Every structure is written in C-alpha cells, then in structure tokens.
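Novice: Below is the sequence, then the predicted model.
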Amino acid sequence: MTLLEVNDLSIRYAVDDGSAVHASDDVNFSVEPGETYGLVGESGCGKTTLAKSLVHLLDDNGYIEDGEVWFETTLPQWADENGDPKQSVIDDPDKPVRADGKTDLAQLNSKQIRDIRWRDIAIIPQSAMNALNPVYKVGDQIVEAILRHEPETTAEEAHERARDLLERVGIEPDRADDYAHQFSGGMKQRAVIAMAMACGPDLLIADEPTTALDVIIQDRILEELEALQEEFGVSILVISHDISVMAEICDRMAVMYGGKVMESGRTEEIFDATANPYTLGLKNSFPTITSKDQDLVSIPGTPPTLRDPDEGCRFRERCPFAVEECHAAHPPMYDVATADAEGRAVESTDRRAHTTACYRIDELEQIRTDAINESTWTDQTIESR
Amino acid sequence: MDRPDDREPLVEIEGLRKLFDQSQGIVDTVLGREPQPVRAVDGVSLDIYPGDTVGIAGESGCGKTTLGKLLVKLYEPTEGTIRFDGDDVTDMTREDERQFRKRVQMIFQDPFESLNPRMTVYDTVSEPLKINEMVDGYDERRSRVKQVLEDVGLGPAEVYLDAFPDELSGGERQRVAIARALVVDPDFVVCDEPVSMLDVSIRAGVLNLMQDLQDEYDLTYLFISHDLSLIRYMCDRAGIMYLGNMVEQGPTDDVIDDPKHPYTEALFDAVPDVELGDDRRRANATGEVPSPRNPPSGCRYHPRCAHIIPPEDWGGSQAAFRRAFQFKLKVQRGELDAEAASDDGDPVESLVEQGLTLDVPEEYRSEREIETGGHRTDAASLDLPSDARTALDEAAEALLDGDQDAAVAALDEVVTTPCASRKPRPLPSGTREVACHRYEDGDANTGAIGGSNGGLNAAPAED
Amino acid sequence: MATGQGDTESDGESYTRRWEPRLERLKRGWSRYSEHNIGILGLVILGIFSLWAVVPGVFAPHSTDWVAYLGEPPIESRLTAEQVRSLPHPPAFGDPFFAPLGTNANGNGILSLVIYSASNAMYIGLAAGLLSSLVGVPLGLISGFYGDTWIDEAIQRFVDIMYGLPFLPFLIVLVAIRGITTTNIIIGIAVTSWLNNCITIRGETLSLKERSYVESAKVAGASDTRIIFRHIMPNVLPISFVFLAQDAAGAVITQASLAYLGLADFTANSWGIMLENIKSQGYIFDAWWWLLPPGIALMLMAASFYFIGFSMEDVTNPQR
C-alpha cells in the first residue's frame, strides 16, 4: 500500500511577460510507508518546488498546472469513526477522495490543506538550526505546535507529549524549559525534528537537511534521520543536491533534471546499474573520498532555464548521446531491467521499478562504457552555444 | 609523493597567530570583563613548495579562511611570520609590496559576490593590470584580457568582455574570477572554497580547469575547502585545521587513508560516500566545536577526542576514562541535572549513570545507552578503577548538595589528562606532522588505532 | 578617477569602443526605469515644472504683476470699490477678464502665480537635495570605509549631536542672524537632512566593504581611494539618488510649511507663500480656486521627486 502517489504532476511559475517556468513536468513517483525517498538534482531542477507543491507551499506565482497528489489520509470532516472516508464522500464526484482512502491533496483548498500539514505531512525547514524562536522555551514551541493542530488536546497532555518527544530524539526532557540559545547546534536540529514529529505525521519532508552543515554534524543528523524512521516508522521525503548524502540515507530516489524525472528506482540500482546519461554524467563529476586517482569529468553546458521549454528531452543540449529522436519529445520512462536483459526499450508500467527516461536505453551497455570515457563528454560541441 | 629536499619552499609560515579583537560593549567595560579575542589562527606553521597544491580542510570556524587571507595580506598577523620567496611579508617596503601583489592572488568562494556588479568582465579582469601598471595602452591590455579569458575557457572572449556579472552563470562567473587572479601571471594563488557555490555538474569543469592552468601558468595553490573529497581530488598535500591549530599535515593520500590524529579520523569517517555503502563508520567524536573565543586548554580537541589519554596511574581502560572525563566536563559545564536525579531511588547512582554517557553515534554506544536513548549508561560494566568510582560518587553527592565547585574538586585529582595540560607540538610522524600527545612518545596509549604508530619519532614533548 | 590613467593613445576609435558599453548600460538602465509607469509619470510632471521654471512666460497667461480689470503694468488707473469687492474673483474666461484659475485678493492671476512660483520650488528642492547629498554621501562613505576607527567615531558623534538640534528654533536663529532669504532657508533645511543620508550610506558602505570583490581588489593592490571610488561609490550612488529625490521633496514641503509659519522671503513667489497669504487674509473657506492650485502643485512636485526616486531604486538594484 502506498502512502503518497504523485501522478503526472506539473507545476508552473507565472512570469511577468506571460511565459511560464515549467518547474516540474509530468512527474510521477510514489512513497511507501516507512520508506526514505530522495529527490536528487542540481539547483533549479524543480525538486524543492515539487516538494513544496505537495502541501501547497508554493510562492505566490507558482501553481499546479495539472496532476494528482494522492495521499493516505482523510480529512476529519469526511471521515467515519474509523478514520476512513465515508461512503457518501467517496461517491461525491466533487470530493477528491478515492475508495482506497486516499485524498488528492492537489484539489484541496487552503483551509483543508492546513489540516493536512503537520498532522499528516510535516516539514523540516532548510535551515533547521534557525527555525526555533529565540524568545520562547523550546518545549513551549512544541506544545504550541501540538495545540495549534490538535486543539482538542489539553495543555497538560501537550506538555507531557513535548517532553516525551524530546526524550525520543535524545534530549533530556528537562531541557524543554530551556531556550534555543542554550542548545548546541545538533540539539537544535533534533528539537526541530521533535517539533516536526509533534502531531505524529506519516510523511516528513526534509529539504536539504544537511546543506551548510559541517561534516561531523551532518553525520550525526543523517544518523538522527535514520533513527527517527526506526523510532516513529515515518516516511521521509528528502531533497538534496548531494548524491553521496542521498546514497547513504535513501531507499529509493528519483534523479531530476530540468523539471523532469530522468531516472528513478532503488538507490543501489541507480548507483550500480545507472541507466541515464545525466545520472552517468553526475556520477562522473562527483569526487569521492575513497578513490585515490580519479578523473572528474563535468557535464558540458549549463542547466536549462525552464522558461517555456521546447519539446524534446530536457537534457539533450548537454547530452553526448543525443540523437535525432531526442529533439521530438521528452522520452517516456523505460524499464531498465528489460533493457539490461533483452536489449529492448519497453515502457515501464511499474513506477516502483528501476526506470529511466532515455530513448537509447536499448544501447545501454554501450552508453555506460562510453560515459566513463572523458572524451565522450569533452569532444562534443554543445548545442546551446 | 616524496618531496625533493633541494627545493626551497615558496611560502614559509611560522608560528602564525591571528586574534580578532571584538570591540567591547560599554556593559563589558563597566563590569571590568577581560576582552576575549577570537583566536582564529593560533600558532600555525606550514611550508608550501612551488608547484604544489596544498589543501586546508576543517569545519567552519577552524580558521582556514583566515589563514588564506593572512597569506594574501588581507589581514595582518598578530604574531608569527610569513615568508614569501624568502621575504617577510609582514614587513615590506611599498615597492616590495607592489611586487608581492603581482605574485600572489586569491580566488573567493562566492562568484556572485566576488565580482563587482557594476563592472563589466573587461573592467574586472583588467583592473589588476591597471593597478599594477603592468601593460601599457588600452589595446595591449585588451588583448591580454582576451587571452586570459580564453585560457579559462571563456571563448570567444569578445562575447564576454562587455557582459555584466548578472548576465553570466555561476560557472562563468567563477571563471571570470579565476581570470582576474591569473591576469597578472601570479606564482601563488589562494583558492577559498572555489567551487562550493557551483552546481555539481559544473564543478568538475572548474576544478579541471584549475589543474590545467596550474601547469600552464606554473602556479602554486593553497586550496581551502570543507569538502574532503575535493581536497583529495585536487591536492598533493593536505593540512587539517581544528580551532585555529593545524592538527595534521602531510601527503593527501597518506592523511586520508591512514589518519593519525583522532580529529582527522573523525572528520574522514563523517564524509558520506557512494562507494562505501554499509561499511561506513560514523565519526567517533563527542559534542560540537567549542567557541574559538574560549578554546579548551592543552590539545584543543581533547574534550571531543575518542582517544583521550588517561593519567599514568589510571587503573582502568581508556574507554572508561573517556566516559569519566565526559562526566567531569558535564560537571564543569553544569549540564548534569541534580534536581531531576534527586527524585530517583538512588540519586547518586542515577547522576553517575547520566554523567558517564557519551554523545556519540549509536555504533559507539553501550547497550544501556541505546535502550535509554542516550540518557543513561551502565556504570558497573565499565572498567573504572575504584578510586575513580569513589571520586565520581563524591562529585555526584556534591552536586546533589548543589556544590558544583566541590564536585569539580573531587574529580580534579583522579580524572586528569595530559591532553588538557599541555598543548601538543606538531611532530614529524612518518611522512607527515601530527600534533597529538599520542605520537609524542613511543609507548603512548594508542587506543583504537593501535599499532599504526610504527615510525614515530620519540621526541620529548615540552612546552 | 583612475579609469583613464595609463591610456596614452588618444585615437578616437578605441575611445568609442570604450564608451560603447557605458552607453549600452545607460540604455539598459533606461529600459528598466521605463518599466514603471510611475517613474515616467514622475519625469513628466517634473519636466512640466522645469519648463515652467525656465520659461514661465510661455505658459502663464499674464505676468505676476497683472491685476484683474486693469491688465498688465504700467497700471495707471485704480480698481473701483465694486471691483475690489469682487476680489478674490473665481475663475473667469474673458468676462470681465481672462483668469482661468481666478485671482487672489490683490487681483493677481492665480495660474500665473502658480507657474511663476515653480522656479522657486525647483530651486529649493534641487539645491537642498544636492547640498545634503554632497555633505552626507562623502561623509557616509568615509565613515563607513574607516568603520570602527577614530574617523568613523568622530563623524558619527557629530551626526549624533546634529540630530539633537531642534529644527525650528535653529532655523529661526539662523534667519535671524543671516536674514530671511531663500538660500538661507535651503541651508537650514540641508543642515538637518544630510544626517539620514550619512547614516544610510555609512551602513551600506560597511556592508559593501566586506564583499569579496572589494577584498579581491585589495589583493590586487588597489589603494583606498580606488576602492572607495571605483568599487564602493558606484554601488551606493543609486541609493544616494533615491535620497536626493526624497530630500528634494522634503525640502519643498518644508519650505512651504516654513512660509506658512511666516519664515520665508516674502518678496519671492512661492506656493508656500501663496498658502500663507490665503490664511492671513482669511479666505481659506471662501476661495477654493486660490487654495487648491498651490497645494496641488506642491503635492505634485513632491510626488514627482518620490516617484523618480522609487523608479531609480529599481534601476540601480541589479537583483530582480
């Protein structure tokens, strides 16, 4: 059973001159309960936009053009006593509720989505260290979060839960009466995590959880996130540009480029059986600490602007493997296992499988061999120049 | 990686120290508080040989950027000397300084900030030429600028000459910044995190360009980065800094593959890596970097160190001493909550169990710690000598009476470490220099690393 | 500035090539300025006022000495008692005389007075604005660049003292000593308005000098003067333009208020003095045609300065 199911989600930013930035285009992915799912990509690839759009936190000029965001939850007013949606609600064509108990978040209004945020989907902000208010006690901030989203709780209960949450993330419960400046950096981060978990959400969105942190703290936060998952069984959607961080914590991931998912699947599959020119290029350009003599190769050119992009594969301008076909339309997601086994390009129907958006999937072996060669990337003339 | 001994170092740094005085507020002056300067760089010695790329790594606040800025004379050192090509840079005549400015350049971290938004690429790149009156005439200058722009991969240069920074991408901006540094044909370039603000797919291009230019322009680099994998990729030699001190330096591969200083070890363990998978260890360091305003005595790293040295008469294990020392630190910082413990059945035992915990990743924790979420550990299972156990109990009792000073005093006799009393000197150890007491004499407690101290120098330590 | 140094050749071609990018920059600046209608509006209003100031005779139907019923000087006859009673006269279009905005109690045409007063307002606005920028910007630059030294300390303490100066009593003393002239009023206004300028520019300079492009100029060996004039000043000038516009607007209004209080050179033509006249002659509730035009003109001029400042801010701030 899936927790979150995103279907053909397209998000646009309106620009003054009437054009639109296609921040994300026909994106599909799904997250299982208890899973860590990663969205990886460079800045401007649409990963943060995508995550924000799930809970309607886009900037004013951003809007969902098309697509569905099915999430395993039911609004209180639509639920029966078991928390499942009432039959009348499922039958009502105006209510975005499916028989399997999922609700389409994309169709909710802003009041309804406020019920979903924190209670069902919580967010750890990018600079979590600075997310605590310096003039309130840390414990009170958690209490406030609980009371705001679950007004039926009494103050004593909320205080008890706040202390319990702090203890579960490894902070002495008595420190609930301390202010943020009395906490060390790592403790602040943990307190923010505790706050996010205050209402027992099913999904946690962590936007660049470790960017701008030093490695030793980053190391602890990564451990913290893993422990959190064990402790609360929550699903985590992680957004980051750092593929080595992602490799470490994610069960599955989607590699995004120019608003499109280029490759998705289990983390090991993506790293061990890479099947997309962009992912191959990204791996080439990332130094690792373990290997002694490495030759880094960068991908030529710069990421696209996404303002009214033309048809065709988003990556083709920088891709050394681009062929005529790539200019016509962005490739669909092909199944990698079939391509590896039989050398055929078969469109994937299973979104959980290892899939890639590349027309030349039938020549996968050749592409993988060529991609290791530096000359493959440097010899080509870049189309955009 | 052996260095020919006949080469003269290009840059010699000796005992370099830079303190930043924070101007005191009126309240501090009235209360008669001593000014506490930030000790950004505190006694660093380093030689840089021509043609090398020397990496400086460390966490934020370790003083690596300050060190770089001292080398290009953006700051004046508080103490110590920097010699560039034999001349002391801190004491230069105007003419010497002019020559120095032509030979030393710097590339800054943020290409969005390091280019003046109101100057065209041509204005920016040609500025050092104009200031140093190096090329006569507009046309000659223009052709020099064009040539450098093409060298850094911005060709055809005509396209870029009249562009403003906000019309360029991040990668292009950083190339312009590199061109500005190289236009005077310098010998030594300090690169302060040159790619950290760039997109991943573009980084490698800039790094490779810097390597190519090193051969072409005959450059020596000081490469400052918090990203250890970049240091490994770029640098022949690496120095690891912690709180203003250089804890370890040597050939990059040696330092990374076989770190000797406990901090270096923790730092490299903390780096996530695609290839390591499940084999990765986490960093075995407690707590966080203390304030550089009031750094710990002796070895700066000792409060976080996994291999902290017990006193000679310590009867128990090193692991037990580490925990006992953490107990002492918690007492000193007032982190132990005596009030909460006094509600327990056995408040002394509860307080000791609380104090002996280690703030480390799970793989280094005791079973009891994992069970209790890091709040309690089992004192009985530790190899604590009896006098230490008595001292811990005494300290806990003193705390329960609310007497923090007495608690510290109780611990002071038993729980002491040479790491806190003397500052370790950087001593040669095999191919590199390490500043750690464990390498100062042959039979030191080498803790978990054990046996890796083969070719150590048995130089006596003094202070 | 140091831009030209070392360029010995003076052939025209390379000269054009060097100026081309600057012209280009100007063009782009204009296109960004003109994105805002409000900025254009400000320019149009200010343009009209400038024309009024330079060639009032072209726009005004009469001179300022024109008197209703009697016409332009030299005037030989006198007004009849009935004619005097009809003054201030509401707008009239040819019968018995032509005065589109009516007349004041002396029979002077309001429209002509408003137009002839524009030069006075422009003079006060621009002079006071420029004066306060000329004092405030350099002091702010110096104070910021040498931040946390005795130079900065000295300038800032001086600013603090000046802030303590009570404006009106100061002005009264000033005109009492030096006489009520427009120039003295301008000096009085500028003495207080440069302070904000100085403090803002100092703050901006303090942050700009930490930018790494300033540091990289230092690494290249640039002198303090070069850094101030080449790297910092171009980046603070835009804000100082905004301040210039705001100070100008403020000065025009202040001068009008001072005139209303009686602190003005009453031989000059000024919107503020016109308003003062209405009050002193007791026609505020009777002669709207006399009251409104100088008030509106005053408001429009201040608004035009503000509008221009607002749009300038957008031009000079390269971030979108």
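Specialist: Yep, it's here. Numbering: from 1, shown residues only, chains lettered A, B, ... in the order given.
Novice: Skipping adjacent residues, who's closest to the closest residue to chain A within chain C in space?
Specialist: Of all residues in chain C, residue C:35 sits closest to chain A, at 9.1 Å by Cβ to the nearest Cβ. Every residue, glycine included, has its C-beta placed from N, CA and C. The shortest distance from residue C:35 to any non-neighbouring residue, by Cβ to Cβ, 6 or more residues apart in numbering or on different chains, is to residue C:314 (7.4 Å).
Novice: tell me the contacts of the one you found?
Specialist: Counting by Cβ atoms under 8 Å, 6 or more residues apart in numbering or on different chains, residue C:314 touches C:32-33, C:35-36, C:39.
Novice: and what of residue A:20?
Specialist: Counting by Cβ under 8 Å, 6+ apart, residue A:20 has contacts A:12-14, A:307-308.
Novice: Residues in a beta bridge with it, which ones?
Specialist: Beta bridges link residue A:20 to residue A:14, judged by DSSP bridges.
Novice: my read: residue A:287 touches residue A:294, true?
Specialist: Yes: contact criterion Cβ atoms under 8 Å: residue A:287 and residue A:294 qualify, at 6.3 Å.
Novice: Neighbour count for those two, which is higher?
Specialist: Ranked by neighbour count (other Cβ atoms under 10 Å in any protein chain shown), residue A:287 and residue A:294 place residue A:287 first, with 19 against 15.
Novice: Run through the strands of chain B in chain order.
Specialist: B:11-20, B:38-48, B:53-57, B:79-84, B:87-88, B:104-107, B:188-192, B:220-225, B:237-242, B:245-251, B:427-429, B:432-434 (DSSP state E).
Novice: Please list the outside residues in contact with the fifth one.
Specialist: Residues lying outside strand B:87-88 but in contact with it, judged by Cβ under 8 Å, 6+ apart, are B:81-82, B:96, B:100.
Novice: before we move on, back to that, any residues in contact with both of residue A:287 and residue A:294?
Specialist: In contact with both residue A:287 and residue A:294: residue B:233, using Cβ under 8 Å, 6+ apart.
Novice: hmm, stretch A:139-151 touching chain B?
Specialist: No: against chain B, stretch A:139-151 shows no contacts by Cβ under 8 Å from any Cβ of the partner chain, the least distance being 14.1 Å.
Novice: Can you dump the C-alpha atoms of that stretch in CSV for me?
Specialist: Output of stretch A:139-151 as CSV, limited to C-alpha atoms (Å, rounded to 0.1, in the frame of the first residue of the first chain):
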residue,chain,number,x,y,z
GLY,A,139,9.2,22.9,25.0
ASP,A,140,6.6,25.6,24.7
GLN,A,141,7.2,25.8,20.9
ILE,A,142,6.5,22.1,20.6
VAL,A,143,3.4,22.5,22.8
GLU,A,144,2.2,25.3,20.6
ALA,A,145,2.6,23.2,17.5
ILE,A,146,0.5,20.4,19.1
LEU,A,147,-2.2,22.7,20.3
ARG,A,148,-2.5,24.5,17.0
HIS,A,149,-3.0,21.4,15.1
GLU,A,150,-4.9,19.3,17.7
PRO,A,151,-6.9,21.9,19.6
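Novice: Show me how far it is from its chain's centre.
Specialist: Relative to its chain's centre, stretch A:139-151 lies at 26 Å (Cα atoms, centre = their mean, to the nearest Å).
Novice: How is chain B divided into domains?
Specialist: Here the domain parsing of chain B from automatic domain parsing is B:11-257, B:318-416.
Novice: Can you tell me, leaving aside adjacent residues, what's nearest to residue A:374?
Specialist: residue A:297 (4.8 Å).
Novice: Would you check how far apart the one you found and residue C:311 are?
Specialist: 47 Å (Cβ to Cβ, to the nearest Å).
Novice: buried residues in stretch B:334-347?
Specialist: B:336-338, B:341, B:347 (16 or more other Cβ atoms under 10 Å in any protein chain shown).
Novice: top helix in chain A by residue count?
Specialist: In chain A, taking DSSP state H as the definition, the longest helix is helix A:215-232.
Novice: could you dump that helix to PDB, C-alpha only?
Specialist: C-alpha atoms of helix A:215-232 as PDB (Å, rounded to 0.1, in the frame of the first residue of the first chain):
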ATOM      1  CA  VAL A 215      30.600  17.100   8.100                       C
ATOM      2  CA  ILE A 216      30.600  15.900  11.700                       C
ATOM      3  CA  ILE A 217      27.200  17.400  12.500                       C
ATOM      4  CA  GLN A 218      25.900  16.300   9.100                       C
ATOM      5  CA  ASP A 219      27.000  12.800  10.000                       C
ATOM      6  CA  ARG A 220      25.000  13.000  13.300                       C
ATOM      7  CA  ILE A 221      21.900  14.400  11.600                       C
ATOM      8  CA  LEU A 222      21.900  11.600   9.000                       C
ATOM      9  CA  GLU A 223      22.100   9.100  11.800                       C
ATOM     10  CA  GLU A 224      19.300  11.000  13.500                       C
ATOM     11  CA  LEU A 225      17.100  10.800  10.500                       C
ATOM     12  CA  GLU A 226      17.700   7.000  10.300                       C
ATOM     13  CA  ALA A 227      16.900   6.600  14.000                       C
ATOM     14  CA  LEU A 228      13.800   8.800  13.600                       C
ATOM     15  CA  GLN A 229      12.500   6.400  10.900                       C
ATOM     16  CA  GLU A 230      13.100   3.400  13.200                       C
ATOM     17  CA  GLU A 231      11.500   5.100  16.200                       C
ATOM     18  CA  PHE A 232       8.400   6.600  14.500                       C
END
